[in-house]
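> Sequence first, then the predicted structure:
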Amino acid sequence: MSKAITIAEAQRFDAHTINIVGIPAMVLMERAALATFNNILNDDFDITRVVVVAATGNNGGDGIAVARLLKIRGIDVAIYLLGDPAKATSQTTQQLKIADYYGIPLTTDLNDVVNATLIIDAIFGVGLSRDITGKFADAINAINAADAKTVSIDVPSGINADTGNVMGVAVVADTTVTMAYNKIGLLTTTGKHHSGTVHVADIGIYAQDRVEHAR
Ligand SMILES: NC(=O)C1=CN([C@@H]2O[C@H](COP(=O)(O)OP(=O)(O)OC[C@H]3O[C@@H](n4cnc5c(N)ncnc54)[C@H](O)[C@@H]3O)[C@@H](O)[C@H]2O)[C@H](O)CC1
Ligand SMILES: [K+]
């Protein structure tokens, strides 16, 4: 079985890759998006109408970048944005700007989520820190009520990636594309139920430096 890591490890390995190795955070986000995009295209999903449900953390940024990759392929895609864009992380702010350049529509209508043929869940990843309420909970309930298949990015939103517990409400995904390593919470009974098929994507973040291989 492949290695699984905690939230703290995921955050530490990310920070090491960015700050010590020197790979820019935006490059990692683009690799996370490309990995998710390739998994979507290689699977058997109906991509007639795709909706990316994104919040303003970096998990949302991954999803907004996936929306752009789909749009460039001519796929009908919209973004349902949760949270205050003025508070988005710098990478997610940049992804929103790029999405705007490509004319990707933003929707505030949950019916668009319910009527999608494929939903990309980019609400929360390893940054989830409290129970989900309000509009975030409404969006997750709409995702779970939709007939569409759902692909979660990194972690099914609402699942605590350490414990596998549902933080109020959580997406039940068909597929989860998780970055760098699996997360320990996705191996619990509840975590497995919510993640569906898990694909681990190599985005250039490693637990140990691979300098010895590079010499
Ligand atoms: N860091 C990297 O280089 C990479 C990260 N990747 C992806 O980014 C996420 C982790 O991003 P982060 O910004 O740390 O956290 P989240 O996007 O998961 O969410 C944080 C955001 O949400 C707020 N929040 C937390 N809980 C709640 C709640 N219950 N209700 C409302 N809001 C909540 C919190 O305050 C923050 O503002 C990781 O999972 C990857 O998907 C890339 O993969 C590339 C590398
Ligand atoms: K997610």
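Structure received. Numbering: from 1, shown residues only. Ligands and ions are numbered 1, 2, ... in the order given.

> Going by C-alpha atoms from here, please, whenever you check contacts or count neighbours.
Fine.

> dump the residue contacts of the spatially most central residue of the chain.
Among the residues of the chain, the one closest to the centroid is I153, at 2.4 Å (C-alpha atoms, centre = their mean). Listed by C-alpha atoms under 8 Å, 6 or more residues apart in numbering, the contact set of I153 reads 36, 59, 62-63, 120-122, 125, 176-178.

> so it bridges to which residues?
V177 (DSSP bridges).

> List of residues touching the lengthiest helix in the chain?
For the chain, the helix that runs over the most residues, judged by DSSP state H, is helix 25-42. Residues from elsewhere that reach helix 25-42 (C-alpha under 8 Å, 6+ apart): 18, 58, 61-63, 65-66, 69-70, 91, 151, 153, 177, 179, 201-204.

> The same query, at a cut-off of 6 Å, please.
The contact list for helix 25-42 (C-alpha atoms under 6 Å, 6 or more residues apart in numbering) reads 18, 62, 65-66, 203.

> low-confidence ranges in the chain?
1, 210-215 (pLDDT under 70).

> Tell me which stretches of it form helices.
With DSSP H as the criterion, the chain has helices at 7-16, 25-42, 58-72, 90-101, 110-114, 134-145, 189-195, 211-214.

> mind checking which of those is nearest ligand 2?
Closest approach to ligand 2 among the helices of the chain (C-alpha to the ion): helix 58-72, 6.1 Å.

> And that closest one, what's buried?
By 16 or more other C-alpha atoms under 10 Å, the buried positions in helix 58-72 come out as 58-71.

> Can you report how many residues lie near the nearest residue to P85 once chain neighbours are set aside?
Of all residues not flanking P85 in the chain, T56 sits nearest, at 6.2 Å (C-alpha to C-alpha, 6 or more residues apart in numbering). For T56, the neighbour count with other C-alpha atoms under 10 Å is 25.
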